[in-house]
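Build the 3D model from these lines:
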Amino acid sequence: MNTSVFSRPLLFLDLPGHGKNKEIIPEKEQISAYADWLENEIKQREITHFDLVGHSMGGYIGLEMLQRTSSGMDKLVLFHSNYWEDSEERKKNRDRIGAVVRKNVRIFLNESIPLLFHVPEKYPSIISDIINRAAAMHPDAIVHSAQSMKNRADHRALVAMHKDRVYSIQGEFDNLISAKESEEDWPGHFEHFFIQKNCGHMSHIEQPDASAETLIKMLEN
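Model (predicted):
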C-alpha cells in the first residue's frame, strides 16, 4: 500500500512479541493487555487525538480502546477484523494452535499464512517472507495472541453505541471472516461498511491502491 497518499502522519507499531518488538508479552492473556500497551505508547509520544486502523487482532485492540474515553481515539477502522465473540468451535481451534505451535511452529505457519490470501499462488515471495518473520517470533507470543483473541468479549453493543466513529473493511473472499455475514450483522452505519473486492484477509497486499483509497475516504472526510 502506498502510504504517501495520506495527508497526515502515520504511525506503525509492532505489538509486544511481534515483528521487531522484543518486549515481554503481557502477563494477562487478554486483548485489554495489548490495549494498555498501545495506550501507553501513544501517550509517551504525546499524541492527543488519532484514528486507529486495526488489522485483524489490531481491530480487537481498537475496540478495547474505544471504551476508554481517555485514549484520544477519534475513529476506528476494523480492517479485516470483527466485533463479535469467538464461537465455541473457534475457541477450541485457538487452543489447538498452542499445541501445534509449541510442537512445530513452521507447520502452523505454512498451513495458516497462505489461507490469508484469496489467490496465494500470486504472492509466493511475500508469503514466504511473512512466514519467515513469524517463525522468528517466540512461540509464546503466538500462543498468547491466540488465547487473548479467544478470551475477548462481544462488542456489538459497543459498535452500535459509537456507530458514528466505527468503520469496517472486509475482504470479499476472506477465509477467516465472512464478508456476507459481517455485512448482514453490521450494527453501525451502513455507509461505514465496505467490502473490498478480489481479496482475502490481506487487502493491503492484494489490493493496495483500492485499500488506500477506501481508507482515505473513511479517515479524511
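
and the nearest residue to residue 17 once chain neighbours are set aside, how many neighbours?
If you skip the residues right next to it in sequence, residue 17 has residue 141 as its closest partner in space, 2.9 Å away by C-beta to C-beta, 6 or more residues apart in numbering. C-beta here means a position set from N, CA and C on the backbone, and glycine is covered the same way. As a burial measure, residue 141 scores 20 neighbours (other C-beta atoms under 10 Å).

and if you look at residue 188?
The number of residues packed around residue 188, counting by other C-beta under 10 Å, is 20.

Was I right to think it contacts residue 168?
Yes: here residue 188 reaches residue 168: they are 6.9 Å apart, a contact under C-beta atoms under 8 Å.

Just the buried positions in the helix or strand of the chain with the lowest mean pLDDT, please.
Within the chain, judged by mean pLDDT, DSSP states H and E, the helix or strand with the poorest mean is helix 88-103; its value is a mean of 90. Of the residues in helix 88-103, those scored as buried under the neighbour-count criterion (16 or more other C-beta atoms under 10 Å) are 91, 94, 97-98, 100-101.

Please apply the same query to stretch 19-36.
Neighbour count says stretch 19-36 has 25-26, 29-36 buried, by 16+ other C-beta under 10 Å.

cool, and stretch 166-179?
166-171, 173-174, 177, 179.

Same check on stretch 206-221?
Within stretch 206-221, the residues that count as buried by 16+ other C-beta under 10 Å are 206-207, 210-212, 214-215, 218-219.

residue ranges for the helices of the chain, please.
Per DSSP state H, the chain has helices spanning 31-44, 57-66, 88-103, 105-112, 124-135, 139-150, 156-161, 179-185, 203-206, 208-219. These are given in chain order.

Return the member of those helices having the minimum mean pLDDT.
Set side by side, the helices of the chain give their lowest mean pLDDT on helix 88-103, at a mean of 90.

rewinding a little: could you dump the buried residues of stretch 166-179 into CSV with distance to residue 54 added?
Output for these, formatted as CSV (distance: C-beta to C-beta, whole Å):
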residue, distance to residue 54
166, 11
167, 11
168, 11
169, 11
170, 13
171, 15
173, 21
174, 15
177, 13
179, 17
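
Out of those, which is nearest to residue 57?
Within the buried residues of stretch 166-179, the smallest distance to residue 57 is 12.1 Å, found for residue 177 (C-beta to C-beta).

May I see the helices of the chain organised as a markdown table, with distance to residue 50 added?
Rendered in a markdown table, the data for those read as follows (distance: least, C-beta to C-beta, whole Å):
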| stretch | distance to residue 50 |
| --- | --- |
| helix 31-44 | 7 |
| helix 57-66 | 10 |
| helix 88-103 | 29 |
| helix 105-112 | 30 |
| helix 124-135 | 26 |
| helix 139-150 | 22 |
| helix 156-161 | 19 |
| helix 179-185 | 25 |
| helix 203-206 | 19 |
| helix 208-219 | 10 |
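
Which of the ones you listed sits closest to residue 80?
With C-beta to C-beta, the closest approach to residue 80 among those belongs to helix 203-206: 6.8 Å.
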